[in-house]
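In: The following comprises the amino acid sequence and a computationally predicted model.
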Amino acid sequence: MRMLVTGAGGLIGSEVVSYFSGRCESITGLDNNMRADFFGPEGDVRWNIAKLETSYANFKNRICDIRDKDAVQAFFREQPLDVVVHCAAQPSHDLAASRPLDDFHGGRLASA
């Protein structure tokens, strides 16, 4: 089975990767590290993505903003998949209130 996990660097996404790593031929993560944009260095998930890539040989992450329709469509054209687990989410309800368009407009890539 070939799996895609969006938000792979986050809490739920990284747990999905860990759980399915022994059950999948390959797992690709898509994460744009938006938590670093929202929360600064303490929100950065690069350490978690690196840990997953080191721990699971069948896991690879790609920096991709799922709000970027063209990038996501290109990914799906080039990558055969069997399962998609969508874990990417708004990391802060409080900040979302002051930055409402962040959830809908891609193109702004956080430190990745």
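Out: Everything's here; your move.
In: looking at the protein, which helix or strand is least sure?
Out: Within the chain, no helix or strand scores below helix 93-98, which has a mean of 81 by mean pLDDT, DSSP states H and E.
In: Spatially nearest residue to Leu30 (excluding sequence neighbours)?
Out: Residue nearest to Leu30 in three dimensions, not counting chain neighbours: Cys64, with 4.3 Å by C-beta to C-beta, 6 or more residues apart in numbering. To be clear about C-beta, it is placed using only N, CA and C from the backbone, and glycine gets the same treatment.
In: OK, contacts around the one you found?
Out: Going by C-beta atoms under 8 Å, 6 or more residues apart in numbering, Cys64 touches 30-32, 71-72, 75.
In: about what we covered before: please compute how far the least confident helix or strand of the chain lies from its chain's middle.
Out: Mean-position distance between helix 93-98 and its chain equals 20 Å (C-alpha atoms, centre = their mean, to the nearest Å).
In: The chain should start at 782 in everything you say after this.
Out: Noted, 782 is the first residue going forward, which turns the last one into helix 874-879.
In: Show the pLDDT at the residue nearest to Leu811.
Out: Note on Cys845: pLDDT of 92.
In: next one: the one 4 residues further on
Out: For Asp849, the model assigns a pLDDT of 89.
In: And for the nearest residue in space to Arg827 that is not next to it in sequence, the neighbour number?
Out: Excluding its sequence neighbours, the residue lying closest to Arg827 (C-beta to C-beta, 6+ apart) is Asn814, at 6.2 Å. Burial of Asn814 is recorded as 22 neighbouring residues (other C-beta atoms under 10 Å).
In: if I look at Asn814, how far off is Pro861?
Out: For Asn814, the distance to Pro861 equals 26 Å [C-beta to C-beta, to the nearest Å].
In: Give me the buried stretch members for the helix or strand Asn842 falls within, please.
Out: For Asn842, the host element (DSSP states H and E) is strand 840-844. Going by neighbour count (16 or more other C-beta atoms under 10 Å), the buried part of strand 840-844 is 840, 842, 844.
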